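> Sharing a sequence plus its predicted fold:
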Amino acid sequence: MATTDDSSNYLNWPDSTDLLQSILSAEFVNLPSLELFPSQPMLPSAALPSDPSRNSLGLSLRDQHSPWLGGENVVQNLSQIINNTSTDITSEAENIGITSAFLDGCLHMFFTEFVPSFPVVHAPTFVFKDWTHPLLLNAIALGSLFVGKSDYASNVQDTEKSPKILEHQWRTWAAKETKIRALLGHYILDGQISEYSGRPTSQRHTTHTLPMASTDAAFQALNAGQWQRDHKPAFRQHAPFLRLFSSLFSDHMHIRHLGLPPSTFNISVILEGLKSLTTERYPAGLKPVGVPSHLDLARARSRLYPFISGNTIMSPAAQKTILMRWHAISANAIFNLGELCRSICGQFNIKQHIFGRQEEGSIDLETWKDTPQAHLAILHANNIHQLLREMPLMGVQTIHVPVAIFGAGLIYCAFMLAGITSIFIPDDINWESVLLIDLDADIQCSDDDLDIPVRRFLRDPLLHRNANMHLLYDMNFFCSTLKKLEQPWGVSANMYLILQQMLSLCSCS
């Protein structure tokens, strides 16, 4: 027999203790007989003959023509079914030890979670004794759907497990996590290959349903004990990447609401997914179904930016690496850096074997430098330079860094070849709002705009007075960093040579 709680003073419904006793008592089992026709006598159950011709409710085919007798038998059998069900419930309640606190929680969740969506019960005047037992059981059952049981807690948090069991769990988890990261890693590599080849990715990055990787701390744990402390089981219940990408393009959902683990690996996968969408280019005036516009992609990147910049769990080096990749992708979305590289190299007879698709376009740099797109690109390039100066040497050696440095260097060289060597740029840039500016429309500036200095920078001709950005000085830093990366990343050697040749042209002009 289950006992009632001593903490009845803390119950939402003080009579929950009496309700528990009522469920466990004979009063709850011996329900009153149901009577559909009070004026007619009810037949005792013993009087029901055992006839094969009778149906499942105990009525013979000939009896069903009598509305009085048939109705009484149906009600009597229904009453018996309810009594049997109540007996089963009472027996189950005794076996599992239901407490008054549990019933109180079920009723509380029934009134707070279910009733607001289906308001047919008046909570302020609720007294369980005034309710029929079937109605009470339904209320408890509905409320229990919102109450978690204690044995649902993850076994990872069980500190009493033996070291052997914990070690086995850690290795099992690590094997599964490694498989997930191996699959997700192919999307990162696919994005890198696409960037260098100049062609779309081989797979759609935004439609797969792979789960997210675990936190960096859990994956980097050196032993089972450390893994147990750092592993967050709640993150295993998160949404797949498909839903994450959908949230980035939705005005009614935020990525913070989806429980994204603070993992640099997960964010890298998301960034490559956004990058893959920018490579799906289409002719002017045509927009295939399902392909987001450039403004939609900018909004998605702006929603992701505060999650990266405001992340306090990632290491500073990892955060700067991710931000550098974010700026590189945003700059490439404004103007394809592969096309810019091929255009400059084609105009000045510089050989390059970095970007594929060797068709050469011609960009008028004198005209390009005065466009809002070029001005926004130089802001991204300047941020890459600032992040690069703050990063330790180990952080610079990650896979995303060389192409980010090279892309920023290309933008610098394009301005220098157009005769710009120093620029005055705004100090404070709110990237969340800047990315929402439509560069293809006339940029309006009003005193109400918080980002008015940036809007003016994008719209107006570049200012050289009081310049705080010196392109040649920053370019030398880009080149020296690429030179250091030649050993871990061989492509950096080719990038270094191309930028050096462009610099020599700038000094001659």
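Great, that's in hand.
> where along the stretch 401-509 of the chain do the helices fall?
For the stretch 401-509 of the chain, applying DSSP state H, counting those that start in this stretch gives helices covering 401-417, 431-434, 452-459, 471-484, 491-508.
> would you turn these into CSV with distance to residue 319?
To be clear about C-beta, it is placed using only N, CA and C from the backbone, and glycine gets the same treatment. Below are the helices of the stretch 401-509 of the chain laid out as CSV (distance: least, C-beta to C-beta, whole Å):
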stretch, distance to residue 319
helix 401-417, 14
helix 431-434, 14
helix 452-459, 23
helix 471-484, 19
helix 491-508, 23
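> Can you name the helix or strand that the spatially closest residue to residue 390 that is not a sequence neighbour falls in?
The shortest distance from residue 390 to any non-neighbouring residue, by C-beta to C-beta, 6 or more residues apart in numbering, is to residue 320 (6.0 Å). For residue 320, the element it lies in under DSSP states H and E is helix 316-334.
> Extract the CA atoms of the helix or strand just after that helix and return them as PDB.
Next along the chain after helix 316-334, taking DSSP H and E as the criterion, comes helix 337-347. The C-alpha coordinates for helix 337-347 follow below in PDB (Å, rounded to 0.1, in the frame of the first residue of the first chain):
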ATOM      1  CA  LEU A 337      36.400  36.100 -54.700                       C
ATOM      2  CA  GLY A 338      37.300  33.400 -57.200                       C
ATOM      3  CA  GLU A 339      36.000  35.700 -60.000                       C
ATOM      4  CA  LEU A 340      37.900  38.600 -58.500                       C
ATOM      5  CA  CYS A 341      41.100  36.700 -58.400                       C
ATOM      6  CA  ARG A 342      40.700  35.400 -62.000                       C
ATOM      7  CA  SER A 343      39.800  38.900 -63.200                       C
ATOM      8  CA  ILE A 344      42.900  40.600 -61.600                       C
ATOM      9  CA  CYS A 345      45.200  37.800 -62.600                       C
ATOM     10  CA  GLY A 346      43.900  37.900 -66.200                       C
ATOM     11  CA  GLN A 347      44.200  41.700 -66.500                       C
END
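> For residue 416, give its distance to residue 468.
Relative to residue 468, residue 416 is positioned 17 Å away (C-beta to C-beta, to the nearest Å).
> Neighbour count for these two, which is higher?
Neighbours were counted for residue 416 and for residue 468 using other C-beta atoms under 10 Å; residue 416 has more, 21 against 11.
> just checking, what's the longest helix in this protein?
helix 163-197 (DSSP state H).
> can you give me how far it is from the chain middle?
18 Å (C-alpha atoms, centre = their mean, to the nearest Å).
> same deal with stretch 128-138?
Counting by C-alpha atoms, centre = their mean, stretch 128-138 comes out at 42 Å from the chain centroid.
> and if you look at stretch 342-350?
Put simply, stretch 342-350 sits 42 Å off its chain's centre (C-alpha atoms, centre = their mean).
> Do you know the pLDDT at residue 290?
At residue 290, the model reports a pLDDT of 70.
> Check residue 48 too.
Confidence score, pLDDT, at residue 48: 45.
> Please apply the same query to the one 4 residues further on.
Here the pLDDT value assigned to residue 52 is 47.
> Least confident secondary structure element in this protein?
Lowest by mean pLDDT, DSSP states H and E among the helices and strands of the chain is helix 26-29, with a mean of 50.
> mind giving me the domain ranges of this protein?
8-150, 167-281+291-314, 335-509 (automatic domain parsing).
> so how far is the longest one from its chain's centroid?
Relative to its parent chain, domain 335-509 has a centroid offset of 31 Å by C-alpha atoms, centre = their mean.
> related to what we said a few turns ago, quick one: average pLDDT of the longest helix of the chain?
When pLDDT is averaged along helix 163-197, the result is 88.
> follow-up on the earlier one: for the helix holding residue 320, which helices and strands make contact with it?
Contacts defined by 3 or more C-beta pairs under 8 Å, 6 or more residues apart in numbering; DSSP states H and E place helix 316-334 against helix 264-278, helix 294-309, helix 372-390, helix 393-396, helix 401-417.
> please redo it, this time with the cut-off set to 6 Å
Counting by 3 or more C-beta pairs under 6 Å, 6 or more residues apart in numbering; DSSP states H and E, the packing neighbours recorded for helix 316-334 are helix 264-278, helix 294-309, helix 372-390, helix 401-417.
> For residue 339, which of those is the nearest?
helix 401-417 (10.3 Å; C-beta to C-beta).
> now the closest one against helix 337-347, angle please.
50 degrees (axes from the mean of the first three to the mean of the last three C-alpha atoms, to 10 degrees).
> From the rest of the structure, what touches helix 401-417?
With contacts defined as C-beta atoms under 6 Å, 6 or more residues apart in numbering, helix 401-417 is touched by 324, 328, 331, 337, 340-341, 365, 369, 377-378, 381, 384, 471, 475, 478, 481-482, 485, 489, 492, 495, 499, 502, 506.
> about what we covered before: please identify the most buried of the helices and strands packed on helix 316-334.
Counting by mean count of other C-beta atoms under 10 Å, helix 401-417 has the highest mean neighbour count of the helices and strands packed on helix 316-334, with a mean of 25.
> What angle do helix 471-484 and it make with each other?
Calculated by the same axes, to 10 degrees, helix 401-417 forms an angle of 150 degrees with helix 471-484.
> pLDDT (mean, whole number) over helix 401-417?
Across helix 401-417, the average pLDDT comes to 94.
> filter the contacts of helix 401-417 to the buried ones?
Buried by 16 or more other C-beta atoms under 10 Å: 324, 328, 331, 337, 340-341, 365, 369, 377-378, 381, 384, 471, 475, 478, 481-482, 485, 489, 492, 495, 499, 502, 506, out of those.
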